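Enquirer: this is a predicted model, with the sequence first.
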Amino acid sequence: MKKLITIILTLALVLSFTACGNEGNSAESNNKGKNKNNNSSYDIIQFGGYNWRVLEVRDEKILIIRENLLDRKPLTYHKDGSSITWENSSIRNYLNNEYFNNAFTLEEQTRIIETTVINENNAISDIAGGNDTTDKIFLLSINEAKSYFSNEVLRIAYYANGEDSSWWLRSPGYIGDNHAAVVYADGRIGSSGIYVSNYGIGIRPALWLNL
């Protein structure tokens, strides 16, 4: 019965957000996204005026990630390139303050769930992931990027103009504590990491949303 209720609520949510397929390259107008490089499909909803991919449905909430990367801005993972973890990074501060306040209406903000985010060490070098955090908006970790996307093609992300790009993960890279992991433009996970003050990496927010 609980599973049935969750399915019904999920369908209602998708309909209420009126998912559309005009953002970027990989969404269609039938509430399903389709990656242009293969025939894989996935659920899409519209929230905050943009398309978001549904990664998980759990009880009465869903985990979603923006289908397209944020518009290009002079943003980095951390602005001064110093040793850093997700907890004190520039991008975490931006996503949970300026982005949260400007991208969503007050009603939409009430739907976003404050979530405990687990920050694991890098599995290869054991570089510290830092303290766990409580966030409304976050980036995926290495493990989440592996588990929620079944193959490299599904991880490929685009800007609204159709250009593909690497995108940041919140996990530390194994090269050093001033590197953060990424998903490369071809969908491979870069566990080694990229220097945190690099401006050429895309940003793909994720959040838990109340049904």
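Expert: Perfect, I can see it now. Residues are numbered from 1 along each chain as shown.
Enquirer: that's a helix at residue 87, yeah?
Expert: Yes: under DSSP: H, G, I helix; E, B strand; the rest coil, residue 87 falls within a helix.
Enquirer: mind checking pLDDT for the closest residue in space to residue 167 that isn't next to it in sequence?
Expert: Counting by C-beta to C-beta, 6 or more residues apart in numbering, residue 202 is the residue found nearest to residue 167 once chain neighbours are left out, at 4.0 Å. The C-beta positions use only the backbone N, C-alpha and C, and glycine is treated the same way. Note on residue 202: pLDDT of 97.
Enquirer: shouldn't residue 202 be in contact with residue 160?
Expert: No: taking contacts as C-beta atoms under 8 Å, residue 202 lies outside contact range of residue 160: 11.2 Å.
Enquirer: looking at the two, which is more packed in?
Expert: Taking neighbours as other C-beta atoms under 10 Å, residue 202 and residue 160 compare with residue 202 leading, 23 against 16.
Enquirer: hmm, which helix or strand of this protein has the shakiest average pLDDT?
Expert: helix 2-16 (a mean of 44; mean pLDDT, DSSP states H and E).
Enquirer: still on that earlier bit, so what's the residue nearest to residue 167 up against?
Expert: When contacts are counted by C-beta atoms under 8 Å, 6 or more residues apart in numbering, residue 202 touches 69-70, 157, 159, 165-168.
Enquirer: would you reformat the residues you listed as a markdown table and include pLDDT?
Expert: Converted to a markdown table, the contacts of residue 202 look like this (pLDDT from 0 to 100):
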| residue | pLDDT |
| --- | --- |
| 69 | 97 |
| 70 | 96 |
| 157 | 97 |
| 159 | 96 |
| 165 | 96 |
| 166 | 97 |
| 167 | 98 |
| 168 | 98 |
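Enquirer: which of those residues tops the neighbour count?
Expert: residue 168 leads those on contacts (other C-beta under 10 Å) with 26 neighbours.
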